[in-house]
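>>> Here is my input; please provide its structure:
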Amino acid sequence: MNCEEERVDMREMTPEEFAKASQMNELVFKINHTLPGSDEYNALLKELFGDNLGENSTIIAPFSGAAFDHLKVGDNVFINSNALLMARGGITIEDDVMIAGNVQLLSNNHDEYDRQVLTCRPILIKKGAWIGAGASILPGVSIGKYAIVGAGAIVTKDVPDYGVAVGIPAKIVKMLDKEKFE
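Numbering: from 1, shown residues only. This is a model prediction of the structure:
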C-alpha cells in the first residue's frame, strides 16, 4: 500500500469542493434519519457511495465522516452503527470485513503547527478482518487479512495477516492459524 502523505490545505478548497462536501453532509444526514434497509435508505447509500459500496454490504446508521468519495467498501462488508469514516486520505475495506459499533477509521489528521492543513495517509482493511467495538485505526495503517483488532484498541502501526492486536497502542498478542481460514 502506498502510504505517501498527502497534505490538503483547507483554505484552498474550491467552491466546487465545498459544494461537494456540503452535498455529502446532506446525504449523510438524510441516511441517518431514514429507516435502515428501506428502498429510500438503499437509494441514499447508492447516491453517497456510487459504485464504491460492494454487493451485500451494510452500513448501519448513524454514521459520520468526510470525503466519502475516497471510501471503497468491498462485498459482504458489515459496518455497525456510529462509525466515524474520515476518508480524505483514502479508506479501502476489502471483502468480508466486519466492523463493530463506534469504530473510527481516521485517514487524516491535522498538521500540528498549521491546523488548517490536513495530513492524509490511506487506511487498508484486508479481506475477512474484524475490527472490535470502539477501536480506532489511524492514518497510514493496514489491517491484515483475517486479522482481529480488539475492542477499544488504538492502532498506530500495521497489523499483519492473521494477527490479533489489542490495547493502547495496539500490540500483536497472538497469531491466528492461517489453515483454519482455507
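>>> Span of stretch 150-162 from start to end?
13 Å (C-alpha to C-alpha, to the nearest Å).
>>> Likewise for stretch 138-145?
From the first residue to the last, stretch 138-145 extends over 18 Å; the measure is C-alpha to C-alpha.
>>> Stretch 149-166 too?
From start residue to end residue, stretch 149-166 stretches across 6 Å - C-alpha to C-alpha.
>>> partner residues bridging the residue most central in space within the chain?
The C-alpha lying nearest the average C-alpha coordinate of the chain belongs to L105 (C-alpha atoms, centre = their mean; 4.1 Å). L105 has these beta-bridge partners by DSSP bridges: L85, I137.
>>> okay, and for this protein, where does confidence drop off?
For the chain, residues meeting the criterion pLDDT under 70 lie at 1.
>>> And the helices in it, which stretches?
Counting by DSSP state H, one finds helices in the chain at the ranges 15-32, 39-49.
>>> Put the alpha carbons of the first one into CSV.
Extracted in CSV, the C-alpha atoms of helix 15-32 (Å, rounded to 0.1, in the frame of the first residue of the first chain):
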residue,chain,number,x,y,z
PRO,A,15,-16.2,26.4,-4.4
GLU,A,16,-16.9,23.0,-6.1
GLU,A,17,-15.1,21.1,-3.4
PHE,A,18,-17.2,23.0,-0.7
ALA,A,19,-20.4,22.2,-2.6
LYS,A,20,-19.5,18.5,-2.9
ALA,A,21,-18.7,18.3,0.8
SER,A,22,-22.0,20.0,1.6
GLN,A,23,-23.9,17.6,-0.6
MET,A,24,-22.2,14.6,1.1
ASN,A,25,-23.1,16.1,4.6
GLU,A,26,-26.7,16.5,3.5
LEU,A,27,-26.9,12.9,2.2
VAL,A,28,-25.4,11.5,5.4
PHE,A,29,-28.0,13.5,7.4
LYS,A,30,-30.8,12.0,5.3
ILE,A,31,-29.4,8.5,5.6
ASN,A,32,-29.1,8.8,9.4
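>>> Contacts only, for S57.
S57 makes contacts with V73, G74, D75, N76, V77, F78, I79, as judged by C-beta atoms under 8 Å, 6 or more residues apart in numbering. To be clear about C-beta, it is placed using only N, CA and C from the backbone, and glycine gets the same treatment.
>>> Any idea how many residues pack against the fourth one?
Per other C-beta atoms under 10 Å, the neighbour tally for N76 reads 17.
>>> do you know how far it is from S57?
In this structure, N76 and S57 are separated by 6 Å, where distance is defined by C-beta to C-beta, to the nearest Å.
>>> and if you look at the third one?
The span separating D75 from S57 equals 6 Å under the rule C-beta to C-beta.
>>> ditto for the second one
G74 is 7 Å from S57, where distance means C-beta to C-beta.
>>> which residues are common contacts for the two?
With contacts defined as C-beta under 8 Å, 6+ apart, no residue is adjacent to both G74 and S57.
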